[in-house]
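Engineer: need a 3D model of the sequence below.
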Amino acid sequence: MEEIETRRCSAGWQRVFSHDSRSTSTPMRFALYEPDAPVRGVLVFLSGLTCSEQNVITKGHFQAAAAEAGVAVLCPDTSPRGDGVPDVPEYDFGIGAGFYLDATEPPYAQHFQMRSYIMDELLPWASARHPGPVGVTGHSMGGHGAFVLALNHPTRFASLSALAPIASATSCPWGRKALAGYLGDEGRIDQDASLLLAERGWDGPILVDQGAADDFLAEQLQPELLEEAAAACDANLTLRRQPDFDHSYYFVSTFLADHVRWHARQW
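Structural biologist: Model prediction:
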C-alpha cells in the first residue's frame, strides 16, 4: 500500500492509497477517512456510476460526522482502470461501472472482479487496521452494491443502508445491461437487492434515503420494490422519501452524514 494523499479534514485525516490488486490484476486506488478519536468501526461507502473514490471524499461532506462518531470511512473505486482494461463508450458499463460483482464473461472477467477486491482485499486490510464492526452503504449503483454485498455476506456486515439505490438490478435497464454483459445472465437473483432481501431477509434495521425528484426514480431505481421485499420478509426497512431532492451529490451530501451517525448507533 502506498499512501498518495494525506489531508487534514475536520478532526481527522482523509487519506488515499494506491496498490496493485491481485483480484483485478490492475493498480487500484481507494480512500480512507480516519478520525482522531478512537475508531469504533469501519463504514464502507460504495460510489455510483462514473465515480471514483474522489467524488465522495470531496463532495460527500461526511467527515465531520465521522470524526465525531469515531467512524473510519472506506471508499473504494467503482471499477478497475488502466491500460488493458476493457471499456465501452457508454457511461453505464465498463470503466466506472463495475457494479461490485465478479465478472465471468470475456473480456471483463480478467479485471472486473470488484466483489473479490472489496471482500478479500480491502475489508481484511481495513479490519486489521481498525478492528470492530463493519457497515456498508452506497449511492445508486453503490446502493445496489451495498445491499448485494451485505445480503450475500451477512456475517461480514453489522449494518446496512443506502442512498437512492438501484432496488432491482433485474428490473431496470442499468442492471440488466450490467448483469448480461458481466455475467451473461440479466436475471441473476443473487445480484438483485429486492429479490435477495425478500428471500433472505436482514437481521437488523435498514435505512434508505431516496430523493422524490430523482430523474431516475421510476425507470432505474424503483424503491417501491424494496418496500415490497421488506414486507414479504418482515424486514425492518425505513425508506425516507425526501421531497425536492434529485440524484446528485447535493442529495448525497445532505444525508450521508446522517447515515454515518446511524451506522455508529447500530454498533
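
Engineer: need phi/psi at the residue lying closest to Asp234 once chain neighbours are set aside.
Structural biologist: Nearest non-adjacent residue to Asp234, counting by CB to CB, 6 or more residues apart in numbering: Gly201, 7.3 Å away. (Glycine included, C-beta is placed from N, CA and C.) The phi/psi pair for Gly201 (degrees, to the nearest 10) reads phi 70, psi -180.

Engineer: ok, how many other residues are close to Gly201?
Structural biologist: Neighbour count of Gly201, defined by other CB atoms under 10 Å: 17.

Engineer: and it, what does it touch?
Structural biologist: 233-235 (CB atoms under 8 Å, 6 or more residues apart in numbering).

Engineer: and which of those is nearest to Leu183?
Structural biologist: When those are compared for distance to Leu183 (CB to CB), Cys233 comes out closest, at 24.5 Å.

Engineer: that closest one: neighbour count?
Structural biologist: Counted with other CB under 10 Å, residues neighbouring Cys233 total 14.

Engineer: tell me how far the closest residue to it other than its chain neighbours lies from Met119.
Structural biologist: What sits nearest to Cys233 in space, not counting adjacent residues and going by CB to CB, 6+ apart, is Gly201, at 4.0 Å. Distance, Gly201 to Met119, using CB to CB, to the nearest Å: 21 Å.

Engineer: nearest spatial neighbour of Val134, chain-adjacent residues omitted?
Structural biologist: Nearest non-adjacent residue to Val134 (CB to CB, 6+ apart): Val42, at 5.0 Å.

Engineer: would that neighbour count as being in a helix?
Structural biologist: No. Per DSSP: H, G, I helix; E, B strand; the rest coil, Val42 lies outside any helix segment and is strand.

Engineer: residue contacts, it?
Structural biologist: Per CB under 8 Å, 6+ apart, neighbours of Val42: 71-74, 126-127, 130, 132-135.

Engineer: ChimeraX command to pick out the buried ones of these?
Structural biologist: Of the contacts of Val42, the buried ones can be selected in ChimeraX as follows, counting by 16 or more other CB atoms under 10 Å:
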select :71,72,73,74,126,127,130,133,134,135
